[in-house]
Structure formats: structure tokens, C-alpha cells
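Peer 1: got a predicted model here, sequence first, then my questions.
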Amino acid sequence: MKVAIVHDWLVTYAGAERVLEQLINVFPDADLYSLVDFLESEKRGFIKNKPVHTSFIQNLPKAKKKYRNYLPLMPLAIEQFDFRGYDLVISSSHCVAKGVITGPDQKHICMCYSPVRYAWDLQGQYLKESGLDKGLKGWIAKLILHYIRLWDLRTANGVDEFIAISKYIQRRIWKVYRRESEVIYPPVDVDAFTLCEEKEDFYMTASRMVPYKKMDLIVEAFSQMPDKKLIVIGDGPDFEKIKAKAGRNVTLMGYQPYEVLKEHMQKAKAFIFASEEDFGITPIEAQACGTPVIAFGKGGALETVVGLDSENPTGVFFKEQTVSSLCDAITVFENNIYLYKPKNCRDNAEYFSNKRFIGDIGMYIDRKLEG
């Protein structure tokens, strides 16, 4: 069987790339396609140093840093790949990869991280954060996204089977495409984290400092609770703004090496997670360390963190992205801290391991090909 794997773009190693890495482990002989490939030589290990078939966008001016600016050309670019001769095409898609053209005797399975977020329900948020919600540029952006929506909806018919990365995304796929999908949770390298039973008297959070991550909300909440210590790891465009809101009990460490991040995850009393994510990897990594999670109760966190209504809780949820709601959740957590067992957190995290993903995706594809 000849297999092709199509990924939106190869520029970094993040959540979607972790899934791609395991897909390549399942199909080591598959050919790899991507709109652009700007991975540095020392970072190509996760694709097994495979050659990558790229689109014409690869060679456009300033594409290495400004590839996202070519969004209007991406539908055309992804349609130019020739998949004749392949039996199975797997699209690893959060933007346009699912729009590849396949024939009636080819199976196209889409690993869908989300329908194009900035074209559908999150359009308003993205336009505002990009400064494109007003003026002539705003109208041009809205027109482009209108075109992207029409194309995105049409190309959903070219997918034979959809895989959703969470029940949250499963609902979004149904809302946008009116297509059924099966949930297979993404892989998390839980083996890279070690269970730690002894916790210290501090909370922690870690993320890139951009608006939707709500790092400012976490810092503001702890600044109103001076008796509780918070350590923040991460950098980004909002760093200085967030630093200005930090009380004396809040330590902003900026970007830190992976080992420093893991050490703090292991020792923290709890990990704070305030964003609405499609899935969310860091709460699982924290639980792999035996650390419970205080999370915003929407999105993927509801599927990866076990709340207080369970016999073996691994975290607690707050209902609103507000300072008062988070403060209340921290109080609930501390009043029930005796219920959170590091071993239960670790056991829950192991359900999302690389090994589980490889087994699930292999059985799923075998079943669909037989069908």
C-alpha cells in the first residue's frame, strides 16, 4: 500500500507536529507533503529527515517568515499536489491540508485539529487581535475569509473519514461540515515526565504569552492572593504587559529550557490552565508529573482533567475566564487538596500516551481500509 501524509506547514515542532511524528512512526515509508518546509536541519528528527514535497508557496518572496500572509493562495497551492498512485492519503489539517484532491478509489482520512479557526467561529477574535477588525484592510481580510469558508466547506466533501482530536472538535466538525467523526486523542510524550509525590508550596503556569492564553488573568488572580506563590514560565509579545500586573508573590521566569519546565511541573502544588483549547497538551504533561490542574472548564480540558465529581479527581474547573472565578477555584482546590493523589494524576495522563495513540490510529485505519 502506497501512503502519502499531508501537513499544512513545517516550520516548528508543536502539537500538530507531535501527531505528525507518530503518524510517520505508523507509516515509516509514507511520502510527506507540506505547503512549505522551513524546518532547520537540527530539528528534522521528528519527520525522520524525510524529503518533503512542497508547494509553489515555498519559493515566494519572504515565505520563510511571512508564509501565513499567503493564506489566499493556500487553497490553490494544496490542490496542485498530485496524489495519483497513492492508496491512502492522510491529511494532518488545521488549515488547508484536508483540501487535497483524491480519486474515487483512494481513501482520504483527515486528522482534523479544527476547521480553520480564524475563518469560522473565532474569526472575530483573530481579526481583533490582528488589528484587522476595522478599515479597508479589515474588509479585505473579511472578504478573504469568506472565500476561505466557501472553499473549506466544499473540500470537506473530498474527505472520506474525519478524525477529531477531542469531543470538542468533534462538535465543531459537525457544526461546520455536518460530518460525523471519530475521536482519537493526540499523543503526549508522558514518558518524558517523571512522577513526583513530594510537592512544594507554589503554583505554576507555562505558556506563550499571547492574548488567548489568558496568562494575564492568572497573574492578576494571584496578585490578589498575596499569600499564594505563583511561578510563570514562558515568553511572548504580552510579557511586559503581564509583568506590570504581577504582585510580589508572582515570579515571571520568561523562557526556560525544557528541563527547568519539567522540574517546576513536578514540584508545583498545582498547574494553572486558563485558555480554551481544542485539546491542550500542558495539562496532561503536568498530570504526568503527578501534579493536579486548575483549568478553565471549557474545550479540551474537560476531557483531559478529571473533576471533583469523580472518585479519583486530578483537578478542578473554573466556569468563567475571570479573576474571581479562578480565585474561587483555587479556594475549592485547597479545601479539597487531600483528594488529589499524584498517582491518580499520572494514571490519567498515561491514557494519552504515544503508545495508546499509535495503537488507536493503527486499528482505526485498518478498520476503515477493510470497510
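Peer 2: Here it is on my side, so go on.

Peer 1: for residue 251, helix, strand, or coil?
Peer 2: strand (DSSP: H, G, I helix; E, B strand; the rest coil).

Peer 1: run through the residues that contact it.
Peer 2: 229, 230, 231, 232 (CB atoms under 8 Å, 6 or more residues apart in numbering). The C-beta positions use only the backbone N, C-alpha and C, and glycine is treated the same way.

Peer 1: cool, and residue 94?
Peer 2: Contacts of residue 94 by CB under 8 Å, 6+ apart are 8, 16, 112, 113, 114, 116, 117.

Peer 1: at 6 Å instead, please
Peer 2: Neighbour list for residue 94: 16, 113, 114 [criterion: CB atoms under 6 Å, 6 or more residues apart in numbering].

Peer 1: out of those, which sit inside helices?
Peer 2: residue 16 (DSSP state H).

Peer 1: now the contacts of residue 94 in a markdown table, with neighbour count, pLDDT and distance to residue 92?
Peer 2: What follows is the contacts of residue 94, written out as a markdown table (neighbours: other CB atoms under 10 Å; pLDDT from 0 to 100; distance: CB to CB, whole Å):
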| residue | neighbour count | pLDDT | distance to residue 92 |
| --- | --- | --- | --- |
| 16 | 23 | 93 | 6 |
| 113 | 23 | 96 | 8 |
| 114 | 22 | 94 | 12 |
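
Peer 1: give the buried residues for stretch 152-165.
Peer 2: 152, 155, 156, 158, 159, 160, 161, 162, 163, 164, 165 (16 or more other CB atoms under 10 Å).

Peer 1: can you tell me the SS state at the third one?
Peer 2: Per three-state DSSP, the local secondary structure of residue 156 is helix.

Peer 1: doesn't residue 177 make contact with it?
Peer 2: Yes. Residue 156 is within contact range of residue 177, at 4.0 Å (criterion: CB atoms under 6 Å).

Peer 1: which strands and helices sit next to the helix or strand where residue 111 lies?
Peer 2: Element membership of residue 111, judged by DSSP states H and E, is strand 107-112. Secondary-structure packing of strand 107-112 (3 or more CB pairs under 6 Å, 6 or more residues apart in numbering; DSSP states H and E): strand 88-93, strand 161-164.

Peer 1: now it: mean pLDDT?
Peer 2: When pLDDT is averaged along strand 107-112, the result is 98.

Peer 1: now it and strand 88-93, what's the angle there?
Peer 2: Computed with axes from the mean of the first three to the mean of the last three CA atoms, to 10 degrees, the direction of strand 107-112 lies at 20 degrees from that of strand 88-93.

Peer 1: what about the strands in the protein?
Peer 2: Secondary structure of the chain (DSSP state E): strands at 3-7, 31-34, 52-54, 88-93, 107-112, 161-164, 181-183, 203-206, 230-233, 250-254, 270-273, 293-296, 315-318.

Peer 1: mind putting these into TSV with distance to residue 368?
Peer 2: Output for these, formatted as TSV (distance: least, CB to CB, whole Å):
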stretch	distance to residue 368
strand 3-7	13
strand 31-34	20
strand 52-54	24
strand 88-93	9
strand 107-112	6
strand 161-164	5
strand 181-183	9
strand 203-206	37
strand 230-233	40
strand 250-254	45
strand 270-273	33
strand 293-296	33
strand 315-318	34
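
Peer 1: so which of those gets nearest residue 141?
Peer 2: Proximity to residue 141 (CB to CB) singles out strand 88-93 among the strands of the chain, at 21.6 Å.

Peer 1: ok, that closest one: who's next to it in the sheet?
Peer 2: strand 3-7 (parallel), strand 107-112 (parallel) (DSSP bridges).

Peer 1: buried stuff in the helix-or-strand element of the chain with minimal mean pLDDT?
Peer 2: Within the chain, no helix or strand scores below helix 123-129, which has a mean of 83 by mean pLDDT, DSSP states H and E. Of the residues in helix 123-129, those buried by neighbour count under the rule 16+ other CB under 10 Å are 123, 126, 127.

Peer 1: let me know the outermost residue of this structure.
Peer 2: residue 227 (32.8 Å; CA atoms, centre = their mean).

Peer 1: apart from its neighbours in sequence, what residue is nearest that one?
Peer 2: Nearest non-adjacent residue to residue 227, counting by CB to CB, 6 or more residues apart in numbering: residue 249, 7.5 Å away.

Peer 1: adding mean neighbour count, write the strands paired with strand 88-93 out as a markdown table.
Peer 2: Shown next, in a markdown table, are these (neighbours: other CB atoms under 10 Å):
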| stretch | mean neighbour count |
| --- | --- |
| strand 3-7 | 24 |
| strand 107-112 | 24 |
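
Peer 1: now these in CSV, with distance to residue 95?
Peer 2: Putting those into CSV (distance: least, CB to CB, whole Å) gives the following:
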stretch, distance to residue 95
strand 3-7, 10
strand 107-112, 11
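
Peer 1: out of the strands of the chain, flag the one nearest residue 326.
Peer 2: strand 315-318 (5.1 Å).

Peer 1: gap between that closest one and the chain center?
Peer 2: Here strand 315-318 is found 20 Å from its chain centre; the criterion is CA atoms, centre = their mean, to the nearest Å.

Peer 1: what of stretch 133-152?
Peer 2: The mean C-alpha position of stretch 133-152 is separated from the chain mean by 24 Å, CA atoms, centre = their mean.

Peer 1: which residues sit against it?
Peer 2: 72, 75, 116, 119, 123, 127, 132.

Peer 1: need the distance between the two termini of stretch 305-313.
Peer 2: Its start and end residues considered, stretch 305-313 measures 8 Å (CA to CA, to the nearest Å).

Peer 1: what average pLDDT does that stretch get?
Peer 2: In this model, stretch 305-313 has a mean pLDDT of 95.

Peer 1: buried sites along that stretch?
Peer 2: Result for stretch 305-313 [16+ other CB under 10 Å]: buried residues 305, 306, 313.
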